[in-house]
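1. My questions are about this predicted structure, shown below with the sequence.
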Amino acid sequence: MPKITYITHNKESHTIEVQNGLTVMEGAVQNDIPGIDADCGGGMACATCHVYVKEDWLDKLPKKEDGEEDMLDMAFEPKPNSRLSCQLTVSDKLDGLIVDIPSKQT
Amino acid sequence: MINTDALIIGAGPTGLFTAHQLKLIGLSCEVVDNLDKVGGQCIELYPDKPIYDIPAVPECTGEELTNNLIKQLKPFDIKFHLNERVDEVKRDNNNWFVKTNNDKIFLTPNVIIAGGVGSFEPRKFSPKECEKFENKYLFYAVKDKKIFEGKTVTIFGGGDSALDWAVELSKNSKVNLVHRRDEFRGAESTVNKMKELVNSERMNLFTKYQLNNVRGSDQIQSIDLKHDDGQTKNLETDYVLGFFGLIMQLGPIAEWGLNIDKKTISVDTKNFETNQKGIYAVGDICSYPGKLKLILSGFHEGALAARACFKLARPNEKYRFEFTTTSSKLLKRLGKKE
């Protein structure tokens, strides 16, 4: 199973095996990783599953849909490497992905 | 003070159908919601998005679903208290004393929380300095546009609210519009109007910038903007407006002595009562083993909670289960029979 590493804002690192087909958001929620709220449940409607993707991974991820960038406008401290983790579906290609969780979501 | 058999907090789909169930079994109810319109998340977050898993409704948008629920309530006279947030819920003998942020008071044996994921609040700027100026020189909504006349106003955001106000205020104020990227998600016609104003130098546009700091003692002197590339820019301004949409906060619900776990309220699935007698939680905000956050689950939960309300509202009567297809009493309430 692909391994995804979540780094919380206080630099705690959690590496979790996430099943193919789940999203990076679901991997975090199901494993009680703090800092990803996902209020809307993955509907790209709230921007509370916002993460920063390590730079070298940016090009390897599925492209953003229009709605994702719109929601990121509302995220807490968005950066060029911001993504909504509910839009990142885990596959073997994402094995080793590292994401930083912002200090808060709202 | 308003006396009612049940008070529903939240006018989303679950709250609306719960109101229907209460009225159908002959109880009175009132509905309070923090938003300015009925519909909850369906209207606020996805009015145009199709929903495919409402039983017997193959496809409908959030707005259509809301309109149909309102239509279903038509036979009943239900009072909605919009733009009001319930701030206080406390015991008063056999009743609950409920107070809103506008000091409206309800006395009721039953409170049904159908609050979704809490109340919607404006998303705020992240720099700490902003708090000090909030509601004086820094706003997340415009209440009185006159105060901006002849002043410099810096507006942040890329959606319709930011663009509409930027265009509107540019008539009588000096407007700076700041957005974190080059693309705007507002209506095309407003985006074009904004670009026209920028091209004719009646508005200043700064893209790929975000707010980094606010300077000033009593009032705002200037703000620091930070570009994506790390450089900062200082901008003189009298007022700052931020339009970053709404977020959901559990808010005052957390203070009512309920069992809360991860922003949800634990309930007994027999009647959706919380750990407090006469307070129920239904829809996305409640949790129990096997809970599904689906609209259809909210309908079921509301129907059961409504029956539980009967006991406390009519302690000397016995609730009798009836079908709308056959009960003349129910048909009468629905306005289908004299």
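-> Perfect, I can see it now.

2. and the residue nearest the centre of chain A, what pLDDT?
-> Among the residues of chain A, the smallest C-alpha distance to the mean C-alpha position (Cα atoms, centre = their mean) belongs to residue A:85, namely 2.7 Å. Model confidence at residue A:85, given as pLDDT, is 97.

3. One more: residue B:4?
-> According to the prediction, residue B:4 has pLDDT 98.

4. Check which helices and strands the lowest-mean-pLDDT helix or strand in chain A sits against.
-> Here the helix or strand of chain A ranked lowest by mean pLDDT, DSSP states H and E is helix A:66-72, holding a mean of 89. Applying 3 or more Cβ pairs under 8 Å, 6 or more residues apart in numbering or on different chains; DSSP states H and E, we find helix A:66-72 packed against strand A:82-84. Any C-beta I mention is one placed from the backbone N, CA and C, and that applies to glycine too.

5. before we move on, the earlier item: mind listing what's buried along the least confident helix or strand of chain A?
-> Neighbour counts over helix A:66-72 (16 or more other Cβ atoms under 10 Å in any protein chain shown) mark A:68-72 as buried.

6. Tell me where the chain has helices.
-> Since you didn't name a chain, this refers to chain A. Counting by DSSP state H, the segments of chain A that form helices are A:24-30, A:66-72.

7. should've been chain B
-> Under the criterion DSSP H, helices of chain B are mapped to B:13-24, B:41-44, B:62-72, B:130-133, B:160-169, B:188-199, B:295-313, B:328-333.

8. Out of the ones you listed, point me to the one whose mean pLDDT is lowest.
-> Taking each of the helices of chain B in turn, the lowest mean pLDDT turns up on helix B:41-44, with a mean of 86.

9. circling back to that earlier point, residues contacting the residue nearest to the centre of chain A?
-> Residues in contact with residue A:85 (Cβ atoms under 8 Å, 6 or more residues apart in numbering or on different chains) are A:23-25, A:28, A:36, A:38, A:49-51, A:99.

10. re earlier: what's the closest of the buried residues of helix A:66-72 to chain B?
-> Each of the buried residues of helix A:66-72 was checked against chain B using Cβ to the nearest Cβ; the closest is residue A:70, at 4.3 Å.

11. Surely the closest one touches residue B:186?
-> No: judged on Cβ atoms under 8 Å, residue A:70 makes no contact with residue B:186 at a distance of 9.9 Å.

12. Which neighbours do those two have in common?
-> For the pair residue A:70 and residue B:186, residues contacting each of them under the criterion Cβ under 8 Å, 6+ apart are B:158-159.

13. Next to chain B, which bits of chain A? Give me the list.
-> Selection of chain A residues close to chain B by Cβ under 8 Å from any Cβ of the partner chain yields A:37, A:39-41, A:43, A:45-46, A:48, A:69-70, A:73-74, A:76-80, A:106.

14. So residue B:222 sits against residue B:233, correct?
-> No: counting by Cβ under 8 Å, residue B:222 stays clear of residue B:233, with 10.1 Å between them.

15. what does the helix or strand of chain B with the lowest mean pLDDT contact?
-> Lowest mean confidence among the helices and strands of chain B (mean pLDDT, DSSP H and E): strand B:246-249, at a mean of 80. With contact meaning Cβ under 8 Å, 6+ apart, strand B:246-249 is reached by A:39, A:46, A:48, A:74, A:106, B:44, B:116-123.

16. so what strands line up beside that strand?
-> Taking DSSP bridges as the criterion, strand B:246-249 pairs within the sheet with strand B:119-122 (antiparallel).

17. quick one: average confidence on the strand it pairs with?
-> Per-region confidence: strand B:119-122 scores 82 on mean pLDDT.

18. got the buried residues for it?
-> Across strand B:119-122, burial judged by 16+ other Cβ under 10 Å covers B:119-120.

19. Ok, stretch B:84-99 next?
-> Within stretch B:84-99, judged by 16+ other Cβ under 10 Å, the buried ones are B:84-86, B:89, B:95-96, B:98-99.

20. same question, stretch B:263-275
-> By neighbour count on 16+ other Cβ under 10 Å, the buried set for stretch B:263-275 is B:263-265, B:267, B:272-274.

21. Farthest-apart pair in those, please.
-> The largest distance within the buried residues of stretch B:263-275, taken as Cβ to Cβ, falls between B:263 and B:273 and amounts to 19.2 Å.

22. Let me see the contact set for the closest residue to residue B:266 other than its chain neighbours.
-> For residue B:266, ignoring the flanking residues on the chain, the nearest one in space by Cβ to Cβ, 6 or more residues apart in numbering or on different chains is residue B:259 at 4.2 Å. Contacts for residue B:259 were tallied using Cβ under 8 Å, 6+ apart; they are B:265-266, B:274-275.

23. just those residues now: which is nearest chain A?
-> Of all the contacts of residue B:259, chain A sits closest to residue B:265, with 15.3 Å by Cβ to the nearest Cβ.

24. The closest one contacts residue B:273, correct?
-> No: assessed by Cβ under 8 Å, residue B:265 is found out of contact with residue B:273, at 10.4 Å.

25. Can you give the domain ranges for chain B?
-> Per automatic domain parsing, the structural domains of chain B span B:2-121+B:247-333, B:124-244.

26. can you list the ones you listed in a markdown table and add distance to residue A:6?
-> Listed next are the domains of chain B as a markdown table, based on distance: least, Cβ to Cβ, whole Å:
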| stretch | distance to residue A:6 |
| --- | --- |
| domain B:2-121+B:247-333 | 17 |
| domain B:124-244 | 21 |
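
27. and of these, who's closest to residue A:19?
-> Evaluated over the domains of chain B, closeness to residue A:19 peaks at domain B:2-121+B:247-333, with 20.0 Å, by Cβ to Cβ.

28. now do the same end-to-end measure for the closest one.
-> With Cα to Cα, to the nearest Å applied, domain B:2-121+B:247-333 spans 22 Å between its terminal residues.

29. ok, now stretch B:57-66?
-> This stretch, stretch B:57-66, spans 13 Å end to end (Cα to Cα).
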